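**Student:** build me a structure from this.
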Amino acid sequence: MSSLLSDLRVRLGVCVLALGVVGGLGVVTHAKAPVTRGEGVDEPTRTVVNRTAMACPVPGAGGKVESWVNAVSPSLPDGTPVAAGDSTPLTIAPLSATSDPVGSVLARGKIASTARTPKLETLSIRGTGPLAAGTAATSTTVGEEGVNRGMASVPCQVPGSDFWFVGASGAAGRRDVLVLTNLDSINAEVNVTFYAANGVQDVQNARGVVVPAHGTAEIYLGQVVKLPDLALHVVSSGGRVAPAVRDNASSGKSPAGVDWLNASTQPALKVTVPALAGGSGVRILTVVNPGDLQASATLTINGPNGPFKPADLSTMQIPAGSTKVIRLEGALKKYASAITVTSDQPVTAATRMTNSAVTEFSTLGATDPLRGPAYVVLPPHDQPVVLQVTAPGESAAVRFELRDATDKVVQTRSLDVVGGATNVITFKPQTKPTYLMVEQLRGDVVAGATLMPPAKPESSDIPLVAAWPLTTSLVFRAQLGAQPDTKAALN
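**Tutor:** Here you go, the predicted structure:
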């Protein structure tokens, strides 16, 4: 046998036969092209959502307050599949596994609301079945006096393992608290990395933080990092958490507002913060560069008439592992706008905006462009809510719908958005909760909704400032991972 294989002609014949067998196998099995996820591809295989869990945080004790949750399983775009089975209600309840529900989402499109209560208790929204897909909810608290005077309103958070919050503070005049909520039946463990203007902070007390099952844990920033202009990277090393950063501000001995820091998107070479409200007041941008190299970044304002780079603010250097703060009110000239930051190193960002009297505020973080319908539940409001839609790149198109608590369409429209510009749509005051849908039709768009007090409020009015991001709703879950490539044998 060895003498046969030593013959060049025989060896060549064996190779040809082997190739024929492999080639035949490819024909017989009809091997499909591999399913891979190349760089920049964000459309993996999708499966319908059939389970939901969300955490709805509340402020800390202080003053006379009313707190409530509005939730909806929204009407989905035509043709969107949902899970099979009966429409089992979604329950709204305190965190304890043995707690009785305080509300229920009973039917798609109908907003469920809990009773307004002075009791400040974190609530969860849970359920399985057809109503799970797209579920959106908002936790709102309004205070008449004390440290919680104003409005704190934030979308309820889906648990995860990696979050960014930008624009926090542990300095005097702020009382920021990182609230970690665990909806699961096992403990979670969390590590928090802090970034400040002078670099990464070594905070041992923020490593290995245990969040009990069906419970919460809190980190008071002023006790661990007594610095302003912070960014927080919250990473779960075991289990899932739904984090939120509560912010009580003060000016001397006077309260200066309460709200939650909306989460920011993951660091990237280009990020956009939507929906800086028009009008007077403070407008602040905070950018964090978490990398090991200095970042050189440019700033673009996406205003109603298109993009422009403010001459004195267009370029900034952000040291490695640091944050940088820019005041924007002069450059914005009271126009409703978005801010795009383009950098040679991955960064993320957030903005802070106040009313003209600087007695109330809200924040918005950088958001990803929409890749599906986005929903947000709006609590009742005595002033108009403004939807701001921005096309940070090329021209784009969107469709929006505002629906009332019974799922009746109140206002709808499709519109084109000029590249680099911000479009503004105003919704009238509403005595009952509504929910808003924004759907990307073409191009990249980011969006947010804002609430500001009137230009000349009555002295007795409670200042109400709020901002709600619009992010792609959880209608589908990604199924990652590539199938085996049987054609690799032919290469």
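**Student:** alpha carbons only for contacts and neighbour counts from here, please
**Tutor:** Noted.
**Student:** show me what contacts Lys334?
**Tutor:** Contacts here follow C-alpha atoms under 8 Å, 6 or more residues apart in numbering; on that basis Lys334 touches 278-280.
**Student:** repeat that for Arg108.
**Tutor:** Residues in contact with Arg108 (C-alpha under 8 Å, 6+ apart) are 72-75, 131.
**Student:** so Phe165 is in contact with Ser264, correct?
**Tutor:** Yes - the pair Phe165 and Ser264 qualifies as a contact (C-alpha atoms under 8 Å) at a distance of 5.7 Å.
**Student:** low-confidence ranges, the stretch 351-491 of the chain, go.
**Tutor:** Residues of the stretch 351-491 of the chain meeting the criterion pLDDT under 70: 459-460, 479-491.
**Student:** just the strands in it please.
**Tutor:** Counting by DSSP state E, counting those that start in this stretch, the stretch 351-491 of the chain has strands at residues 361-365, 374-378, 385-390, 396-403, 409-417, 422-427, 434-442, 446-451, 466-470, 476-479.
**Student:** you'd agree Leu123 is up against Cys56?
**Tutor:** Yes - applying C-alpha under 8 Å as the test, Leu123 and Cys56 come out as touching, 5.1 Å apart.
**Student:** who's more crowded, those two?
**Tutor:** With other C-alpha atoms under 10 Å as the criterion, Leu123 and Cys56 differ in neighbour count, and Cys56 comes out ahead with 29 against 25.
**Student:** grab the nearest non-local neighbour of that one.
**Tutor:** Of all residues not flanking Cys56 in the chain, Cys156 sits nearest, at 4.5 Å (C-alpha to C-alpha, 6 or more residues apart in numbering).
**Student:** number of residues surrounding Lys110?
**Tutor:** Other residues lying near Lys110 total 21 when counted by other C-alpha under 10 Å.
**Student:** wait, Phe194 sits on Leu227?
**Tutor:** No - the pair Phe194 and Leu227 fails to qualify as a contact (C-alpha under 8 Å) at a distance of 10.2 Å.
**Student:** before we move on, back to that, mind picking the two most distant members of the contacts of Arg108?
**Tutor:** Maximum pairwise distance among the contacts of Arg108 (C-alpha to C-alpha): 9.9 Å, between Ser75 and Leu131.
**Student:** just the buried positions in stretch 338-351, please.
**Tutor:** Neighbour-count burial for stretch 338-351, with 16 or more other C-alpha atoms under 10 Å as criterion, is recorded at 338-343, 345-351.
**Student:** ranges for the helices of the stretch 1-150 of the chain?
**Tutor:** For the stretch 1-150 of the chain, the helices defined by DSSP state H, counting those that start in this stretch cover 2-5, 8-29.
**Student:** which of these has the lowest mean pLDDT?
**Tutor:** The stretch with the lowest average pLDDT out of these is helix 8-29, scoring a mean of 38.
**Student:** show me how far stretch 192-209 is from its chain's centre.
**Tutor:** For stretch 192-209, the gap between its own C-alpha mean and the chain's C-alpha mean amounts to 22 Å (C-alpha atoms, centre = their mean, to the nearest Å).
**Student:** apologies, that question was intended for stretch 355-369.
**Tutor:** If you compare the mean C-alpha spot of stretch 355-369 with that of the full chain, they lie 14 Å apart, counting by C-alpha atoms, centre = their mean.
**Student:** can you mark which positions in that stretch are buried?
**Tutor:** 355-356, 358-369.
**Student:** for stretch 392-404, same thing?
**Tutor:** 392-393, 395-404.
**Student:** tell me the one of these nearest Pro307?
**Tutor:** Distance to Pro307, by C-alpha to C-alpha, is smallest for Pro392 among these, at 8.3 Å.
**Student:** wait, the closest one sits on Val418?
**Tutor:** No - the criterion here is C-alpha under 8 Å, and Pro392 misses it with Val418 at 9.1 Å.
**Student:** just to revisit the earlier point, tell me which of Ser75 and Leu131 has more neighbours.
**Tutor:** Neighbours around Ser75 and Leu131, counted as other C-alpha under 10 Å, are more numerous at Leu131. The numbers are 30 against 19.
**Student:** the more buried one: what's it in contact with?
**Tutor:** Counting by C-alpha under 8 Å, 6+ apart, Leu131 touches 50, 73, 82, 87-90, 107-108.
**Student:** 6 Å instead, please
**Tutor:** With contact set as C-alpha atoms under 6 Å, 6 or more residues apart in numbering, Leu131 has these partners: 73, 87.
**Student:** before we move on, what about Gln430?
**Tutor:** Going by C-alpha under 6 Å, 6+ apart, the list of residues near Gln430 reads 380-381.
**Student:** list the beta-bridge partners for it.
**Tutor:** Going by DSSP bridges, Gln430 is paired in beta bridges with His381.
**Student:** over to Leu285?
**Tutor:** According to DSSP bridges, the partner residues bridging Leu285 are Ile326, Thr351.
**Student:** any idea how far Gly372 is from Val475?
**Tutor:** In this structure, Val475 and Gly372 are 8 Å apart, going by C-alpha to C-alpha, to the nearest Å.
**Student:** have a look at the two and say which one is more surrounded.
**Tutor:** When neighbours are counted by other C-alpha under 10 Å, Val475 comes out ahead of the other of Val475 and Gly372, with 21 against 17.
**Student:** number of residues surrounding the nearest residue to Ala83 once chain neighbours are set aside?
**Tutor:** For Ala83, ignoring the flanking residues on the chain, the nearest one in space by C-alpha to C-alpha, 6+ apart is Pro130 at 4.6 Å. A count of nearby residues for Pro130, using other C-alpha under 10 Å, gives 24.
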